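Colleague: need a structure here:
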Amino acid sequence: MKKFAMIFLAIFFSGFLLQSETIANVTSNKNLTLIIDRGAIDGVVSGLKGIVKAVYKEPSGEYTINIGIFTVRKVFERTAEVAIEIGKGLNPADARYVVFDQDLVSSESRSEISFPAKVEENADWHLEQGDKAADAGNTKSALEHYQKALALAPKNLVAQEKCSEMEKRIAGAEWKSKFQEYLKKADANYEKNNVKFAFLYLIEALRTFPEGRAEVKDRLVMMASEYPQELAEIFKEKRNELKDIRPQIDAMLETRAETKPLPKEPKAQETKYTEDFLQRIDGKAEKIMRNEKGHWEAVFARDITMIYIPAGEFTIGSPNREGDADEHPAHKVFLEGFWIGKTEVTFEQYDRFCAETGRKNSEDQGWGRGKRPVIYVSWNDARDYCNWLSQKTGLKFRLPSEAEWEKTARDYYPWGNVPPSASLANFNKDNMQTSLVGSYPQGASPYGVLDMAGNVWEWMADWYDPDFYQNSPRENPRGPQAGSERVVRGGSWENNSNLIRAANRTSENPDSKLNILGFRLVLDGQ
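Modeller: Here you go, the predicted structure:
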């Protein structure tokens, strides 16, 4: 107690640090445990002690105080875990850095060890380099540094925010460039009196970059004044495709007194789509629209949202020296277009099936039902739900193939190469239970599909074979003809970052019912 009291008397004295002291930054904290950015390579060993520092800002300036003491508990190569004791009334979350009681490595020891003379590339260093690159207009380099900072310190809120802002900045620049391309194409078609395509390019420009509304408006007003009849016919033909943006168009045209507004949509006329996959669900889907990533979404049976994945080729599996043995070899496959559930099937959705069929409700572990993903469902339970929903809607719902699932989720993680964090997925026992579906919008896949990493494992239609990729069909692979276990994908709330990778494969007995296992739906697109 005497030693502890003496430490806190230092709060009222000078905040400067002696040059002989060795400092380590706090990269994360949880209760009375801190992670610091120095480890074994810097000379840190278990049992070392020192002072915990906090920095506070006041109108009069910035000052540093001692808020506690620490003892090194675990040591890793470049980081260490320390246990802290904090003075009464002080907050451990305020810890900014720690100061060791002794120098970690003397100059003589450093020369003997022959450490390379280089800058320590910790999270703060990458944040500084990212800021410099951003100021210079090199957005891609800035994003790379911010992502590396986030990889080194996954809970660093500054790194998270800077990654998000730079991604939005890069995306905004790309969308603005695409917007200008659409305007050029609209102008070129208008000069050729091709009003229909000029109009459609203007609409895509508006969807792509809403901030360019003024430029689109000028062109639409001119088009409406010169070709009112043609524009009315186009709008009638494309009325369903334009539902989401019709109010904006009307607002643009109604601001000009001399411009006659387009006729209101006749409610009783039949819906027409040019795309086959939309024609197939027309009248059976309650709502059809494009999502924030530009892909088609449709809502069935009140609240089952599906996203369309276009036909095309992609590379399934992991490259050499990456991933597990059953993920090799990486190879290209072609898939027909299909719809996939935006989220896993929820208790709310599954309970309706149980109520209508007299089936016993699945357990919820005491975590709650509603919009949490349904758990304790076997492969057969999931298949029976698909069959029931198919009968209700007249459409063929089923479980996804693992190729369809991986195409939907495809990057290293669904959101990209950035390591997972608490803002991207429910994993690594952070919550110790499932989360409501859709709780991690930042972790969406390139198509806008949610919860593909963590939360719950998802049943696939395929039987599991660890060697299947060695002889996988090139087109629409559906797994082996038979087996003893079914493929599951995506990882769960209790799994680490390696198991929630998009390419990771594993399996379960089809009779298994677990609190880490659920499913999502697929609907054929053709």
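Colleague: so what are the domain limits for the chain?
Modeller: Listed by automatic domain parsing, the domain ranges of the chain are 2-108, 171-272, 281-524.
Colleague: Could you find the closest non-adjacent residue to residue 318?
Modeller: residue 327 (4.0 Å; CB to CB, 6 or more residues apart in numbering). The way it works is simple: take the backbone N, C-alpha and C, and place the C-beta from them, glycine included.
Colleague: Quick one: residues contacting that neighbour.
Modeller: Residues near residue 327 by CB atoms under 8 Å, 6 or more residues apart in numbering: 317-318, 469, 503-505.
Colleague: Could you rerun that using 10 Å?
Modeller: Residue 327 makes contact with 316-319, 406, 466, 469, 501, 503-505, according to CB atoms under 10 Å, 6 or more residues apart in numbering.
Colleague: Following the chain onward from the helix or strand where residue 252 lies, which element is next?
Modeller: Per DSSP states H and E, residue 252 falls inside helix 246-254. From helix 246-254 onward toward the C-terminus, using DSSP H and E, the following helix or strand is helix 276-281.
Colleague: where does this protein have low pLDDT?
Modeller: By pLDDT under 70, the low-scoring segments of the chain are 1-21, 59-60, 105-120, 255-272, 526.
Colleague: For it, give the strand that spans the most residues.
Modeller: Of all the segments of type strand in the chain, defined by DSSP state E, the longest one is strand 61-75.
Colleague: Output the contacting helices and strands for that strand.
Modeller: Here strand 61-75 touches helix 2-9, strand 22-30, strand 33-36, strand 49-58, strand 80-86, strand 95-100, going by 3 or more CB pairs under 10 Å, 6 or more residues apart in numbering; DSSP states H and E.
Colleague: Just say which of the ones you listed is most tucked in.
Modeller: Ranked by mean neighbour count, the helices and strands packed on strand 61-75 are led by strand 33-36 with a mean of 22 (mean count of other CB atoms under 10 Å).
Colleague: Residue 354 against residue 369, yeah?
Modeller: No: Residue 354 is beyond contact range of residue 369, at 11.0 Å (criterion: CB atoms under 10 Å).
Colleague: so what sits against both of those two?
Modeller: By CB under 10 Å, 6+ apart, the residues touching both residue 354 and residue 369 are 347, 361-362.
Colleague: thought residue 420 was touching residue 428?
Modeller: Yes: with contact defined as CB under 10 Å, residue 420 and residue 428 form a contacting pair (7.7 Å).
Colleague: picking up where we left off before, can you tell me which of the domains of the chain is nearest to residue 139?
Modeller: domain 171-272 (7.1 Å; CB to CB).
Colleague: For that closest one, what is the distance to the chain centroid?
Modeller: 32 Å (CA atoms, centre = their mean, to the nearest Å).
Colleague: for the stretch 51-200 of the chain, what spans make up the helices?
Modeller: Using DSSP state H, counting those that start in this stretch, the helices of the stretch 51-200 of the chain run over residues 107-113, 123-135, 139-152, 157-191, 195-208.
Colleague: Leaving out the residues flanking it, which one is nearest to residue 36?
Modeller: Leaving out its chain neighbours, the residue that sits closest to residue 36 by CB to CB, 6+ apart is residue 24, at 3.9 Å.
Colleague: Now for the one you found: which residues touch it?
Modeller: Per CB under 10 Å, 6+ apart, neighbours of residue 24: 34-39, 42, 44, 50, 70, 72, 79-80, 82, 97-100, 104, 122.
Colleague: do you know how far it is from residue 333?
Modeller: Applying CB to CB, to the nearest Å, the value for residue 24 to residue 333 is 48 Å.
Colleague: Output the helices of the stretch 51-200 of the chain as TSV; include the columns distance to residue 413 and mean neighbour count.
Modeller: Shown next, in TSV, are these (distance: least, CB to CB, whole Å; neighbours: other CB atoms under 10 Å):
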stretch	distance to residue 413	mean neighbour count
helix 107-113	37	10
helix 123-135	19	18
helix 139-152	12	21
helix 157-191	13	16
helix 195-208	26	20
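Colleague: Quick check: next helix or strand after the helix or strand encompassing residue 349?
Modeller: Per DSSP H and E, residue 349 falls inside helix 347-357. Scanning forward in sequence from helix 347-357 by DSSP H and E, the next helix or strand is helix 379-393.
Colleague: and that following helix, what other elements does it pack with?
Modeller: Using 3+ CB pairs under 10 Å, 6+ apart, the elements in contact with helix 379-393 are strand 296-300, helix 347-357, strand 397-398, strand 457-463, strand 486-489, strand 517-518, strand 522-524.
Colleague: Could you list every helix and strand that the fourth one packs against?
Modeller: Yep, that's strand 457-463 we're talking about. Counting by 3+ CB pairs under 10 Å, 6+ apart, strand 457-463 packs on helix 379-393, helix 402-409, strand 486-489, strand 506-508, strand 517-518.
Colleague: Ok, the fifth one next?
Modeller: Packed against strand 486-489 by the contact rule (3+ CB pairs under 10 Å, 6+ apart) you find helix 379-393, helix 402-409, strand 457-463, strand 506-508.
Colleague: and that strand, which strands flank it?
Modeller: Sheet pairing of strand 486-489 (DSSP bridges) gives strand 457-463 (antiparallel), strand 506-508 (antiparallel).
Colleague: And the last one, how far out from the chain middle?
Modeller: Looking back up the chat, that one is strand 506-508. How far strand 506-508 lies from its chain's middle: 24 Å, per CA atoms, centre = their mean.
Colleague: sorry, back to before: any buried residues in the helix holding residue 252, and which?
Modeller: For helix 246-254, the neighbour count (16 or more other CB atoms under 10 Å) marks 246, 248-249, 252-253 as buried.
Colleague: now do stretch 372-389
Modeller: 372-379, 381-383, 385-386, 388-389.
Colleague: and the gap between the closest residue to residue 179 other than its chain neighbours and residue 237?
Modeller: Spatial nearest neighbour of residue 179, chain neighbours left out: residue 209 (3.5 Å); criterion: CB to CB, 6+ apart. Applying CB to CB, the value for residue 209 to residue 237 is 25 Å.
Colleague: Point to the residue nearest the middle of this protein.
Modeller: With distances taken as CA atoms, centre = their mean, residue 443 lies nearest the centre of the chain, 1.2 Å away.
Colleague: Residue 411 is in contact with that one, correct?
Modeller: No: Residue 443 is beyond contact range of residue 411, at 11.1 Å (criterion: CB under 10 Å).
Colleague: Can you check which residues contact both of the two?
Modeller: Counting by CB under 10 Å, 6+ apart, the common neighbours of residue 443 and residue 411 are residue 418.
Colleague: Tell me how many other residues surround residue 349.
Modeller: Number of residues near residue 349 (other CB atoms under 10 Å) recorded here: 22.
Colleague: which residues sit in contact with residue 397?
Modeller: Shown in contact with residue 397 (CB under 10 Å, 6+ apart): 300-301, 304, 306, 339, 341, 385-391, 521-524.
Colleague: cool, residue 164 as well?
Modeller: Per CB under 10 Å, 6+ apart, neighbours of residue 164: 146, 150, 423, 442.
Colleague: I'd like the distance from the third one to residue 155, if you could.
Modeller: Right, the one you point to is residue 423. 9 Å.
Colleague: do the same with the first one
Modeller: In this structure, residue 146 and residue 155 are 15 Å apart, going by CB to CB.
Colleague: that older thread, let me have the helices of the stretch 51-200 of the chain in JSON lines, adding distance to residue 93 as columns.
Modeller: Supplementary listing: these in JSON lines, determined by distance: least, CB to CB, whole Å:
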{"stretch": "helix 107-113", "distance to residue 93": "34"}
{"stretch": "helix 123-135", "distance to residue 93": "17"}
{"stretch": "helix 139-152", "distance to residue 93": "20"}
{"stretch": "helix 157-191", "distance to residue 93": "12"}
{"stretch": "helix 195-208", "distance to residue 93": "42"}
